[in-house]
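Asks: structural data only, the sequence is not supplied:
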């Protein structure tokens, strides 16, 4: 293994002992009883030194046997093996030199072969080979030097002994080299296999990560394709559908102006208007899914948006339908709820989350709503990365959190929650399946992040992180509804330009009722021709007009000749870049179809008041 080496280098032979302790254990089980018997034999023959040496050897082997059965680390065990065996082998060699070369006990000569065997086994290197050669040379010289008569008397035996010992030493040395090479190759192959296994594991882990990354990319791609499909469908029908809905929403307003408060027709007309507004809301949800990257530049207070929703008739009706659900609200008081974004889409996002939380509770339960300022100095991991992001980057955030004690969401359904048309409610009665998809689209548009956790049977907690705008200044909120008298004009001349006769008729009736002098043109070309003959105070332009000039082109020509003239754009649907161009040309907001009487009256009044 590459990297930092062991503090103790372990030879292949020692590694084999560690890997196969049973072999050494069985060898010692045979050797220890044999040495015990030899010790008893030598003791009977009054060989005190021999008995002491064998006792020393026996004690060492018993210690080694204990180490084998212990649980010491490999490094400590091999050090004990190494020094015990080396000390015992060297002691045995010295003893054999003394007992054979000095005392001339030739009966001990067979033990020299055991010494050579142990030495080549435990010191299979140059040091071991040198010791064996010196041992052979010492035995060869010591007897003639100390007792020539003994050498002469046992000359033939000693010559055969020395030749046999030398031959055995050479064979032992050669076998040790072969064994070393074999073990070296074996352990090299094992190390190579371990490196290959680690490399394979690393490649396998990398492959798994690549597959997971590809799956995430595929999911995001499928989601993008689905969003694009929904967007194309929505964009294809939105303009025409909103033109149709204008009659359903606006004509009831016009008729209600002439009815008494207790007229029996009033309730029916208000129902028609409400139904039209609900249909327009669904169309707007579809458009929200299709408009990625909508320009959002208006400073907003999340606290105020939430208060407005909680006081709205929609929320009051929701809570009336779920009387057993309690609601707790916490506002951000220190830093305010400052963000930069679209009030319409953010308000709808808050509404969708609160409505989903309330409707997820069966029976009694609690819903908690909070807005708080949260600075992040370090990245915060995202529990369920429904947006594809793994962490929330450092920064200052306004966090809008909704928690409930409802039925919760199964882990397998967490990613599907934000898919268009996904709903566990009864389609067409309590949901369209677009609410959470709108939430996801709005959060993405505002460069925010979603933290969502849910436990089936316990509830769900969703936190939306929006970049905080701590230095933002807020404009005053627009009034929700005004008395018709406050919206009346003073016979100002208004030119309405639209390619739809129904829209011209609606706008003419409403503006006339509000006290304006109204003229209508069916195209941009007719508008320019009319303005060449008659002065007006305000031009109301539809952005999309076919065939001929559209609203933006018409406005450019109008302002080129009459830069003082005030323009108000109206649209059922326009692309984001076209809408932004229209806002820049007119210097104000656009009026979206279908519009109510109050909306048109307020925007016309505001545009006429601009100096």
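Replies: Yep, that arrived. These figures come from a predicted structure and were not determined experimentally.

Asks: CA atoms for contacts and neighbours, from now on please.
Replies: OK.

Asks: which SSE is residue 216 in?
Replies: helix 155-256 (DSSP states H and E).

Asks: following that helix in sequence, what is the next regular element?
Replies: Counting by DSSP H and E, what follows helix 155-256 is helix 265-290.

Asks: tilt between that next one and helix 155-256?
Replies: 150 degrees (axes from the mean of the first three to the mean of the last three Cα atoms, to 10 degrees).

Asks: what packs against the helix holding residue 216?
Replies: helix 12-19, helix 110-122, helix 126-146, helix 265-290, helix 501-513, helix 597-609 (3 or more Cα pairs under 8 Å, 6 or more residues apart in numbering; DSSP states H and E).

Asks: now the strands for the stretch 501-611 of the chain?
Replies: 517-521, 538-542, 566-571, 591-592 (DSSP state E, counting those that start in this stretch).

Asks: got TSV for the ones you listed, with mean pLDDT and mean neighbour count too?
Replies: Shown next, in TSV, are the strands of the stretch 501-611 of the chain (pLDDT from 0 to 100; neighbours: other Cα atoms under 10 Å):
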stretch	mean pLDDT	mean neighbour count
strand 517-521	91	19
strand 538-542	90	24
strand 566-571	87	24
strand 591-592	82	18
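
Asks: out of these, nearest to residue 71?
Replies: Residue 71 lies closest, by Cα to Cα, to one member of these: strand 591-592, at 81.0 Å.

Asks: tell me the strands beside the closest one, with direction?
Replies: strand 566-571 (parallel) (DSSP bridges).

Asks: which residues of the stretch 151-300 of the chain score low on pLDDT?
Replies: 179-180, 183, 227, 230-231, 234-236, 238-239, 285-297 (pLDDT under 70).

Asks: quick one on the thing from earlier: the helix holding residue 216 to helix 597-609, inter-axis angle?
Replies: Using the same axes, to 10 degrees, helix 155-256 lies at 90 degrees relative to helix 597-609.

Asks: could you measure from residue 570 over to residue 603?
Replies: 11 Å (Cα to Cα, to the nearest Å).

Asks: overlap in contacts, these two.
Replies: Shared contacts of residue 570 and residue 603, defined by Cα atoms under 8 Å, 6 or more residues apart in numbering, are found at residue 591.

Asks: what's the burial count for residue 606?
Replies: Look at residue 606: counted by other Cα atoms under 10 Å, it has 12 neighbours.

Asks: related to what we said a few turns ago, comparing the helices and strands packed on helix 155-256, which yields the minimum mean pLDDT?
Replies: When the helices and strands packed on helix 155-256 are ranked by mean pLDDT, helix 12-19 comes last with a mean of 62.

Asks: can you check the pLDDT for residue 557?
Replies: Looking at residue 557, the pLDDT reads 89.

Asks: what's the burial count for it?
Replies: Residue 557 has 13 nearby residues by other Cα under 10 Å.

Asks: leaving out the residues flanking it, which one is nearest to it?
Replies: residue 528 (8.0 Å; Cα to Cα, 6 or more residues apart in numbering).

Asks: now do the contacts for the one you found.
Replies: 554, 557-558.

Asks: how much space separates it from residue 554?
Replies: 8 Å.

Asks: same thing with residue 585?
Replies: 11 Å.

Asks: pick out whichever of those two has more residues nearby.
Replies: Shown here are residue 585 and residue 554; by other Cα under 10 Å, residue 554 has more neighbours (21 against 17).

Asks: check that one and give its pLDDT.
Replies: 89.

Asks: that one contacts residue 526, doesn't it?
Replies: No - in this structure, residue 554 is not within contact of residue 526 by Cα atoms under 8 Å, at 10.0 Å.

Asks: residues of stretch 406-421 that come out buried?
Replies: 406-409, 414, 417-421 (16 or more other Cα atoms under 10 Å).

Asks: now render those residues as JSON lines, adding secondary structure.
Replies: Output for those, formatted as JSON lines (DSSP: H, G, I helix; E, B strand; the rest coil):
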{"residue": "406", "secondary structure": "coil"}
{"residue": "407", "secondary structure": "coil"}
{"residue": "408", "secondary structure": "coil"}
{"residue": "409", "secondary structure": "coil"}
{"residue": "414", "secondary structure": "coil"}
{"residue": "417", "secondary structure": "helix"}
{"residue": "418", "secondary structure": "helix"}
{"residue": "419", "secondary structure": "coil"}
{"residue": "420", "secondary structure": "coil"}
{"residue": "421", "secondary structure": "coil"}
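
Asks: buried ones in the strand or helix carrying residue 308, by neighbour count?
Replies: Residue 308 is part of helix 302-310 when elements are defined by DSSP H and E. Neighbour-count burial for helix 302-310, counted by 16+ other Cα under 10 Å, picks out 302-306, 309-310.

Asks: could you pull up phi and psi at the residue nearest to residue 379 when sequence neighbours are not counted?
Replies: Spatial nearest neighbour of residue 379, excluding adjacent residues (Cα to Cα, 6+ apart): residue 393 at 4.7 Å. The phi/psi pair for residue 393 (degrees, to the nearest 10) reads phi -70, psi 160.

Asks: now residue 76
Replies: Torsion angles, degrees, to the nearest 10, at residue 76: phi -70, psi -40.

Asks: now it: how far from residue 174?
Replies: 30 Å.

Asks: follow-up on the earlier one: how many neighbours does the residue nearest to residue 379 have?
Replies: 14.

Asks: do residue 282 as well
Replies: With other Cα under 10 Å as criterion, residue 282 counts 15.

Asks: do you know how far it is from residue 176?
Replies: 87 Å.

Asks: what sits against the residue lying closest to residue 568 once chain neighbours are set aside?
Replies: Closest residue to residue 568 apart from its sequence neighbours, by Cα to Cα, 6+ apart: residue 540 at 4.8 Å. Applying Cα under 8 Å, 6+ apart, we find residue 540 in contact with 494-497, 567-570.

Asks: do the same with residue 567
Replies: 538-541, 555, 586, 607.
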